[in-house]
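Colleague: Sequence below, structure please.
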Amino acid sequence: MALFPAFAEEASNKVRDSSTEFDWLKNKSFQTGDALSLHGRFLEKTSEEQNKKEPSVSRDVSSEEDREDGVAPRKKKRKKKQKKKHKKKSGRYSHSSASDSETIYPSDLKKEQEAKRQEAPQLASHFSWLDDLQLPTEQLFCVDRKADPANWTYKSLYRGDVARYRRKGSSALGLDFHKQGVSWEDSEVTNKKKKKGGDGKKAADRYYSTVSRQLLKAAPALPALPASFDGSDGTSSAIFLPLCDDEADNKEGEKAHIGQTSSVNPLGVYDSSTALWLQGKGQQDQQKKDAHTEEGTALLGGRTEDFNRRLREQPADTQLWIEFIRYQDEASAAVFKGEEEQQGSDAAERRKSSYRAVLEKKLSIAERAVATNPLCIALQLERLRICQELWEPSALAKEWKKLVFLHPNSTPLWREYLLFTQSYFSSFTVSKVNAAYGKCLSTLSAVRDGSMVSHPALPGIEEDMLDIFMQQCHFLRQCGHSEKSTAMFQAMIDFTFFKPDSVRELSTKQQVDFFEPFWDSGEARIGELDARGWKAWMLQQERGGWLQPTAEEEEEEEEDEEEVKDRTQPRGTIWLDVESSREATDWLPWRPDKAKGQSEEDCEDPDRQVLFDDIGPSLICLSSPELHLRLLLRFLSFLGLPVDSVLSVSPGQPGLLLENLSLLTQGNAPQRPLTSYDLADGGINSVGHMTTLQGTRKWVGLGKQGEKFLTNLFNMLQPVLPPHHRAFLSLSWIQYEKLKVMRCLHGGNKKRLRSQGKSSKRVAKRLLKEPDNRSSLVLWREYGHLEWLLGNLDEARKVFSTATALGGTKGLSSLTLCDLCLLWSQLELEDGAKERGGQPADVTASPAVSVLTRLAEGTSASSTSSSLSTVSILKARKSYDQTLAASLSALDQNSKVQDDLMAEKLRLRGLVGCYALFQYLTVSVQAANTVYTQVREKMEELHRTLTAEQQLNSSKEGKLARADADSNRPCVSRVAAECEALAWQQAALLKYHNTVAVFPLVTLRQTLTSALPVWTTSVPLWSIYVQVENRYHTAGRARRFFHSVTRNCSSVVPRLFAIVAEQQRKQLVDAAQRSCLHDDPLSILPENGLSNRIRGLFENAIATETGAHCPLLWRMYIYFLVCEGKVDKATGIFYKALQNIPWCKGLYMDAAQLFPDHLQEFVDLLTEKELRVRLPLEELDILLED
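Modeller: Okay, here's the model as predicted:
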């Protein structure tokens, strides 16, 4: 007997081969006779049990099959009880679904059984084995009334693919055509029609129905006729405009109803809602809400369907995957919009569960995207951002390490990983993060050297490594470990500028191994007295080592001033004063003085010593001279010196470094409206400046030890730099001296200003006496400005006149001479405005016009102003016009040339500024505005072109295309800097004119609103905008503009200025409310809504990715809440800030100042996270006891 009896006949017909026979298909133990006898006994037993039952039991149509399958009778009794509750029509068959059960009465069942006994069964009711049949052709078909759940459970058939059918009186193959048939229709639609009582015909949708409105709101279909592209008819291809919308219809309906009169509306002036309210009735708002909800759900479903279709067609589009992931937030907000307005614990739980559901949905989409594009790093990062709120910290850290291990040559991935380790509070410690930085830089160095064969080095890897190194140094500075960050720069400069020739060809790891003995030898390092460098030390070691110097005259050390000056102050205030004072004094690493016989054991604070293990893994090799210069300028910026903003642009995430309020308060000098942005502050604290948010500097510079360190650094580096790099060094030094003078002016201490002025002039004169700097107009310009700031106007004019004589007859062709004359003329204009109170009446007698005219003529301007002729003014205007036109045409011709000459030609701010100021003084402010507008349009067009080319090259595959993009980057940065400088020059000139004359503000406002959306990080432009808008009490325009900019911008700078604008407006309102009561000043001002608006701006800012890691934003938020008297909320925000910026020591110092009762808790937290604590509380208690 075969195992499958249905195919026994076919198997017997085949030719059997004993070698290939499948014995396992046979079931020899199966006997047909035994099976039939057992089956017969079962049927007899079942029939006996059936006869014993009462005839009143109700049965279903499928009861025979259930009885044969051995269904327990309990289910039948339960069904009986349920059926007795409802009365239904009796009948043998109905047009309902096959799954619907109907009540069958016992009398009908008895009649049916009798009819079945009389008639022979036409079709079998169950399957039978082929061997059990008498004839092969007997009962070929049977009615299978029992569904097969395997089709739905397993993957053979999907549930949606199983057709729904119901019995009808039509015929089909194998069925009784008198009773049965198959109809492939949806039973649910038919049931709905039956419920409505219709006749099966669907009524057409009217134009106002929900379906029709959805069709109108949906995307327009493709036009049936092709559009014409010849441009002859502009309206032929235009999409039709809808005549009205729902709101217009509602308004028209309300107007029509207003005209109707009734008992409650006798005059016909009430609308429909008011009339219903007077009658005590309400509108059917729920129906409208349901209709709108259905429309919104349909629209969301349409967008989701569109995303799915596009992703099926383009699975490699990573940006589309990211958009789809972020679209889930929008979809969930639309679905759960009603729940967000509800209050209570249940609503909060529902919101939390819905948020987690959205996260899990986004995670599933991200995992699908990563499986489709396994090499895409952006999708991997998006997945890990989602997992950060779902996974445990250990699992998340493990996944990050795995991803970094798989992509060790990706610098964007390393940046994100470092930001994760730096900002994840639960696993954050300074040593762990510092080790992660070292691991990153050592791995990238191995990739750069080629020792990691599995992954090639990507273009621009050295520049990215320098950015990461700079970010590590600032991280250590913000943690309070200033000694380590300074030592890292010292080692890196020695490792780069004083490298021996014998080790240059070795790998980075081998060079670091050779550098370690020099670092541990105790030899003087960069910035220290008698430092010679690594190269000289190695050469001398080959000759036998240095001769130990004899102890010379020791300098008299100043007695340490008493650290605790006022013991009556609170304990927390004393701790803050001593901590910040030690930070400003002890930022240099401690070194034992061999002349005094000191050793490492003599150091009182072990944290001031820096071991090689802390800095060795972070040393990198830089090959190009441009990167050498960038490293040097960034070190000077780290020390607090002004540098070129293009060459020393901050690392990839500048928001991490913002922590100084000077970023938002600069430019508020009314006596210098045109030159107040000469040295813009970047908002980044220099080394040694670690105080609270409102704290002041201890010194205007770096202090006595810092100034010595800086002088030694300059003296050691100048001989090894090329001449054009030495010019950057000298410029930064003289600007630093000018910056210290400006800080003294701002402080108002005349004695300190006098002493600082003498020392700064001494440094400037020494720099100008050097042979390379004698003809440098840039240094002469800074020296003249320094004299002007000190009040020596005659000396400053002599310096400027000497500098113009050095320029010779170059005139407008010299861009540095144009910069010098522009500054001179601006200073003269500011001084004339103070003396005469406005623009002079006689143009020919103006000193500024004289300077600008002599520049155009190519002659040196004299320090004494002399009258000019109108002919010379006309000639100068023509010269300006021709020179500017030639410069702009040269930009179009040489826009693709990337060299130093092109970079020099891009510096048009001096020429354009001189021409615009000349037009302003001789013609009108409209003429000056025209000059700026014309040049800005040209420069911004060039910037857009270069940016598009850079993006195109970066998107191409291959190293050559990426190298072209990297080489194009400095030119794009230079053009962007020039465009931004021209914009704020134009805005400053228009603002100055508004202060001295009557002029509409619309021109200035248009200039700012056109420039700020492009240059969103320009601090001078935002400062001018806030000053202009805060003069008026109509805040709506400014709020709308801030919202439009921040909506499309990821930078934190616009959000900070939006907050500052509202805070200044609140100060004005509070001052006005206090001035109303002369007798009794208000202790608590009434709420005017501005506080809530400011809090909303803070919350929106910290919700962004850049704002969440900005220390300045969090510190401002906490300080604002404390000023409002909301100390508990401020405490909560502080602990929330710790979850995002745990490395910022300034945040802990703010908390110690604002919440002095918790000082012990904050110091313990600093110690636990390994941040630098220079004054332990035990030492503070000892100091207070003395």
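Colleague: check which helix or strand covers Ser364.
Modeller: Ser364 is part of helix 345-372, with elements assigned from DSSP states H and E.
Colleague: Can you list the helices and strands that that helix packs against?
Modeller: Using 3 or more C-beta pairs under 8 Å, 6 or more residues apart in numbering; DSSP states H and E, the elements in contact with helix 345-372 are helix 318-335, helix 337-340, helix 377-387. Heads up, the C-betas are built off the backbone N, CA and C, glycines and all.
Colleague: Which positions in it come out as buried?
Modeller: The neighbour-count check on helix 345-372 (16 or more other C-beta atoms under 10 Å) flags Ser354, Val358, Leu359, Lys362, Leu363, Ile365, Ala366, Ala369, Val370 as buried.
Colleague: next one: stretch 778-794
Modeller: Residues 778-790, 792 are the ones in stretch 778-794 that count as buried (16+ other C-beta under 10 Å).
Colleague: cool, stretch 767-774 as well?
Modeller: For stretch 767-774, the neighbour count (16+ other C-beta under 10 Å) marks Leu767, Leu768, Asn773 as buried.
Colleague: Off-centre distance for it?
Modeller: Averaging C-alpha coordinates over stretch 767-774 and over its chain gives two centres that are 46 Å apart (C-alpha atoms, centre = their mean, to the nearest Å).
Colleague: And that stretch, end to end?
Modeller: End-to-end distance for stretch 767-774, by C-alpha to C-alpha, to the nearest Å: 8 Å.
Colleague: So what touches that stretch?
Modeller: Counting by C-beta atoms under 8 Å, 6 or more residues apart in numbering, the neighbours of stretch 767-774 from elsewhere in the structure are Pro723, Arg726, Ala727, Ser730, Trp733, Ile734, Ser776, Leu779, Trp780, Tyr783.
Colleague: Would you format those as a markdown table with distance to Asn265 and secondary structure included?
Modeller: Converted to a markdown table, those look like this (distance: C-beta to C-beta, whole Å; DSSP: H, G, I helix; E, B strand; the rest coil):
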| residue | distance to Asn265 | secondary structure |
| --- | --- | --- |
| Pro723 | 91 | helix |
| Arg726 | 89 | helix |
| Ala727 | 85 | helix |
| Ser730 | 86 | helix |
| Trp733 | 84 | helix |
| Ile734 | 82 | helix |
| Ser776 | 86 | coil |
| Leu779 | 84 | helix |
| Trp780 | 85 | helix |
| Tyr783 | 84 | helix |
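Colleague: Narrow the residues you listed to those that are buried.
Modeller: Neighbour-count burial (16+ other C-beta under 10 Å) applied to the contacts of stretch 767-774 gives Arg726, Ala727, Ser730, Trp733, Ile734, Ser776, Leu779, Trp780, Tyr783.
Colleague: Mind pulling up the pLDDT for the third one?
Modeller: pLDDT for Ser730: 93.
Colleague: The fifth one too?
Modeller: For Ile734, the pLDDT comes out at 95.
Colleague: Pull the contacting residues for the nearest residue to it once chain neighbours are set aside.
Modeller: Using C-beta to C-beta, 6 or more residues apart in numbering and skipping the chain neighbours, the partner closest in space to Ile734 is Glu782 (4.7 Å). With contacts defined as C-beta under 8 Å, 6+ apart, Glu782 is in contact with Leu731, Ile734, Gln735, Lys738, Ala764.
Colleague: Tell me who's in contact with the nearest residue to the first one once chain neighbours are set aside.
Modeller: Which is Leu731. Spatial nearest neighbour of Leu731, excluding adjacent residues (C-beta to C-beta, 6+ apart): Val778 at 5.7 Å. In this structure, Val778 makes contact with Ala727, Leu731, Thr816, Asp819, judged by C-beta under 8 Å, 6+ apart.
Colleague: Can you tell me which of the buried residues of helix 345-372 is closest to Arg525?
Modeller: When the buried residues of helix 345-372 are compared for distance to Arg525 (C-beta to C-beta), Val370 wins out at 47.2 Å.
Colleague: My guess is Ala536 contacts Pro500. True?
Modeller: No: using C-beta atoms under 8 Å, Ala536 is not in contact with Pro500; the gap is 9.1 Å.
Colleague: Counting neighbours, go ahead and name the busier of these two.
Modeller: Neighbour count, other C-beta atoms under 10 Å: between Ala536 and Pro500, Pro500 has more, with 18 against 14.
Colleague: quick one: the more buried one and Lys535 touch, right?
Modeller: Yes: using C-beta under 8 Å as the test, Pro500 is close enough to Lys535 to be in contact (4.8 Å).
Colleague: Tell me how far stretch 945-954 lies from the chain's centre.
Modeller: Counting by C-alpha atoms, centre = their mean, stretch 945-954 comes out at 22 Å from the chain centroid.
Colleague: Show the low-confidence segments of the stretch 201-350 of the chain, by residue range.
Modeller: Low-confidence regions of the stretch 201-350 of the chain, defined here as pLDDT under 70, cover residues 201-205, 207-208, 213-261, 280-297, 334-350.
Colleague: If we use 50, what do you get?
Modeller: 201, 221-248, 251, 254-255, 340-341 (pLDDT under 50).
Colleague: Against Leu375, how distant is Leu946?
Modeller: Using C-beta to C-beta, to the nearest Å, one obtains 29 Å as the distance from Leu946 to Leu375.
Colleague: higher neighbour count, the two?
Modeller: Neighbour tally, Leu946 and Leu375, criterion other C-beta under 10 Å: the higher count belongs to Leu946, 21 against 10.
Colleague: Count the residues that sit near Thr421.
Modeller: Other residues within reach of Thr421 by the criterion other C-beta under 10 Å amount to 21.
Colleague: One more: Lys1129?
Modeller: So Lys1129, with other C-beta under 10 Å, has 15 neighbours.
Colleague: Enumerate every residue touching it.
Modeller: With contact taken as C-beta under 8 Å, 6+ apart, Lys1129 is in contact with Leu1121.
Colleague: and it, what element?
Modeller: Residue-wise, Lys1129 maps onto helix 1127-1138 under DSSP H and E.
Colleague: by how many degrees do the helix or strand just after that helix and helix 1127-1138 diverge?
Modeller: Read in the C-terminal direction, the helix or strand following helix 1127-1138 is helix 1145-1154, with elements assigned using DSSP H and E. Using axes from the mean of the first three to the mean of the last three C-alpha atoms, to 10 degrees, the interaxial angle of helix 1145-1154 with respect to helix 1127-1138 works out to 170 degrees.
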